[in-house]
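**Q** need a structure here:
(one chain, ligands or ions: 3)
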Amino acid sequence: MLIRNATLPDGRQRDVRVRGESIAEVGRDLDASDQHVIEATGKRLFPGMIDVHVHFRQPGYPHKETWESGSRSAAAGGVTAVVDQPNTDPPTIDGESFDQKAEFAADSVVDWGINGGVTADWIPNVLLRRRLFALGEVFLADSTGDMGIEADLFADALEAATDNDVPVTVHAEDADYFNDDAKARDDADAWSAFRTAKAEEKAVERACEVAQKHDATIHIAHTSTPEGVDIASEAGMTTEVTPHHLLLSRRDLSELGTFGRMNPPLRREKRRQKLYERVVDGTVDMIATDHAPHTREEKDAGIWDAPSGVPGVETVLPLLLAEARDPDSGLTYERVRDLTARNPADVFDIPQKGAIEAGKDADLVLVDTTETSEISGAALHSKCDWTPFEGHDAVFPEWTMVRGTVVYERGDALEADDSTAQEDVFYDHQGENVRGADSERLE
Ligand SMILES: NC(=O)N[C@@H](CC(=O)O)C(=O)O
Ligand SMILES: [Zn+2]
Ligand SMILES: [Zn+2]
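**A** Numbers count the residues shown, from 1 in each chain. Ligands and ions are numbered 1, 2, ... in the order given. Take a look at the predicted model:
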């Protein structure tokens, strides 16, 4: 198959030949005889996004999301690999729970990784020998699933993971710095007042100190403050930023209400802008969504009772592409590529993915950046039928390919000359563990 005359993120126009599951060749005027040709003139081709932070809720909460619905949502957003977090039921903390989740992940149309969690009951020796993506998110404070742990346990876990060459990701908030005065309030902004920026700063500082003491590197999940990013980066650690912390702030809470409650919470507009600068200038390593679906009914509660978390896996790349269209944003298409594909592949050592180069997996997304559409929660493919980005401009993929198979085609992109609205199409495909197929890691 030949994808002809696509514009790559760096602006070069190239043909891309896909053979089997891989990219065979990237060049100009490649031979198209005997080839199925996909015309891409005037369109941009991106490497599929690797989203290292999603919550697909199985086992345990299939009414919020399943591997099928979550992975379809990912594919429709141009995400070709996802990494699931351990706060499911049962939590992913031992061999049995890892194996059980891997069976659910077989329903995924995109490639996947599974993280292992840390609780007082975890079984490190067994868990760390599975084909884990990373240990994490290690919860330094309670979030959905109440998996917050003590400082001593974090140090032990870090040591065990590092001994086994398993990366570690951290949910960095320190409950000692939460502001109890906020509890007297019941407006949506109270959550942001309660889980302070200081609580993130202190937890990042502490986690980095522990890591340095053990000669280890850690990855800080969903950093929401410029302070957190700077501390981690100066300590030689890596960070991810979510689309909601990048694009939304406390100003949006009057409209979002409890649907804008998540951990860490939305920050002040000034902090958001400084976070954006660090995403643009390369201090932040990657964007990850923390896709954390809850139903509308669950979210529609008081600010102290609503669950924390917002969906994001389907809208992240479309939102970033819309940002990159605007020269004033400072965000270029190349930077979007690095934040969504190249850097996650580098940081987490996924050598077969993250770039449009001969030999890599053919994980590809075709987009038309000449037009935007408005995000509508009802049109998304997650079980979560709402989004905090309702009405935002976005550039949705025309199609998404995982290891050489087109897994998703957008309805209205199917036949350009047929004006009748068509349904989006998903094709059967079995996603694979990006860490390898065997159930046990080789010693
Ligand atoms: N971010 C959230 O607010 N919620 C996440 C958990 C988490 O990532 O902390 C969830 O699983 O619901
Ligand atoms: Zn978290
Ligand atoms: Zn999370």
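**Q** Around ligand 2, which positions in the stretch 101-250 of the chain sit nearby?
**A** Within the stretch 101-250 of the chain, the positions adjacent to ligand 2 are 137, 143, 171 by Cβ under 5 Å from the ion. C-beta here means a position set from N, CA and C on the backbone, and glycine is covered the same way.
**Q** What about ligand 1: which of those residues touch it?
**A** 137, 143, 171 (Cβ under 6 Å from any ligand atom).
**Q** Can you lay out these as TSV showing pLDDT, neighbour count and secondary structure?
**A** TSV is the format used below for these (pLDDT from 0 to 100; neighbours: other Cβ atoms under 10 Å; DSSP: H, G, I helix; E, B strand; the rest coil):
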residue	pLDDT	neighbour count	secondary structure
Glu137	97	28	strand
Ser143	94	24	coil
His171	98	26	strand
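**Q** for those residues, which one is nearest ligand 3?
**A** Comparing these against ligand 3 with Cβ to the ion picks out Glu137 as the nearest, at 5.3 Å.
**Q** Please verify my assumption that that closest one contacts Val168.
**A** No - between Glu137 and Val168 there is no contact under Cβ atoms under 8 Å: 9.3 Å.
**Q** Show me the common contact partners of the two, please.
**A** Taking Cβ atoms under 8 Å, 6 or more residues apart in numbering as the contact criterion, no residue touches both Glu137 and Val168.
**Q** Can you give me the domain assignment for the chain?
**A** 2-45+359-379+392-426, 48-348 (the TED database).
**Q** and these, which one's lowest on average pLDDT?
**A** Here the domains of the chain differ in mean pLDDT, and the lowest is domain 2-45+359-379+392-426 at a mean of 93.
**Q** Can you give the distance of that one from its chain's centre?
**A** 21 Å (Cα atoms, centre = their mean, to the nearest Å).
**Q** Start and end of it, how far apart?
**A** Using Cα to Cα, to the nearest Å, the end-to-end distance of domain 2-45+359-379+392-426 comes out at 21 Å.
**Q** Any residues of the stretch 251-400 of the chain in contact with ligand 2? List them.
**A** On the criterion Cβ under 5 Å from the ion, ligand 2 has no neighbours in the stretch 251-400 of the chain.
**Q** ok and the residue in the stretch 251-400 of the chain nearest ligand 2?
**A** Closest point on the stretch 251-400 of the chain to ligand 2, by Cβ to the ion, is Asn263, at 5.7 Å.
**Q** thought that residue was touching Phe178?
**A** No - counting by Cβ under 8 Å, Asn263 stays clear of Phe178, with 10.9 Å between them.
**Q** Report the set of residues contacting both of these two.
**A** Joint contacts of Asn263 and Phe178 (Cβ under 8 Å, 6+ apart) are 141, 195.
**Q** Please say which of those two ends up with more neighbours.
**A** Asn263 (20 against 17; other Cβ atoms under 10 Å).
**Q** So what does that one look like in phi/psi?
**A** phi -120, psi 130 (degrees, to the nearest 10).
**Q** quick one, what contacts it?
**A** 141, 143-144, 171, 173, 195, 222, 308-309.
**Q** Tell me how far it lies from Gly302.
**A** Applying Cβ to Cβ, to the nearest Å, the value for Asn263 to Gly302 is 17 Å.
**Q** what's the answer for Lys353, then?
**A** Here the criterion is Cβ to Cβ. By it, Lys353 lies 42 Å from Gly302.
**Q** can you list the residues of the stretch 201-350 of the chain near ligand 3?
**A** So the stretch 201-350 of the chain meets ligand 3 at Asp290 (Cβ under 5 Å from the ion).
**Q** Helices of the stretch 201-350 of the chain, residue ranges please.
**A** With DSSP state H, counting those that start in this stretch as the criterion, the stretch 201-350 of the chain has helices at 226-234, 243-247, 253-256, 269-280, 296-299, 316-325, 333-337, 343-347.
**Q** Any buried residues in the longest one, and which?
**A** By that I understand helix 269-280. 271-272, 275-276, 278-280 (16 or more other Cβ atoms under 10 Å).
**Q** any chance of those in a markdown table, with distance to Asp163 too?
**A** A markdown table is the format used below for those (distance: Cβ to Cβ, whole Å):
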| residue | distance to Asp163 |
| --- | --- |
| Arg271 | 37 |
| Arg272 | 38 |
| Leu275 | 34 |
| Tyr276 | 37 |
| Arg278 | 32 |
| Val279 | 33 |
| Val280 | 37 |
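**Q** could you dump those to TSV with distance to ligand 1?
**A** Putting the buried residues of helix 269-280 into TSV (distance: Cβ to the nearest ligand atom, whole Å) gives the following:
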residue	distance to ligand 1
Arg271	17
Arg272	17
Leu275	16
Tyr276	20
Arg278	20
Val279	18
Val280	24
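**Q** Skipping its backbone neighbours, what lies nearest Glu298 in space?
**A** Leaving out its chain neighbours, the residue that sits closest to Glu298 by Cβ to Cβ, 6 or more residues apart in numbering is Pro307, at 5.4 Å.
**Q** of the ones next to ligand 1 among the residues of the stretch 101-250 of the chain next to ligand 2, closest to Asp152?
**A** The closest of these to Asp152 turns out to be His171 (Cβ to Cβ; 17.2 Å).
**Q** bridging residues for the closest one?
**A** With DSSP bridges applied, His171 shows beta-bridge pairing to Phe139.
**Q** Settle this for me: it is touching Gly145, isn't it.
**A** No - look at His171 against Gly145 with Cβ under 8 Å: they stay out of range, at 10.5 Å.
**Q** tell me, what's touching the two both at once?
**A** Phe139.
**Q** got a list of contacts for stretch 341-360?
**A** 8, 16, 22-26, 45-52, 80-81, 111, 113, 133-134, 167, 219, 238, 285-286, 288, 361, 363-364, 434.
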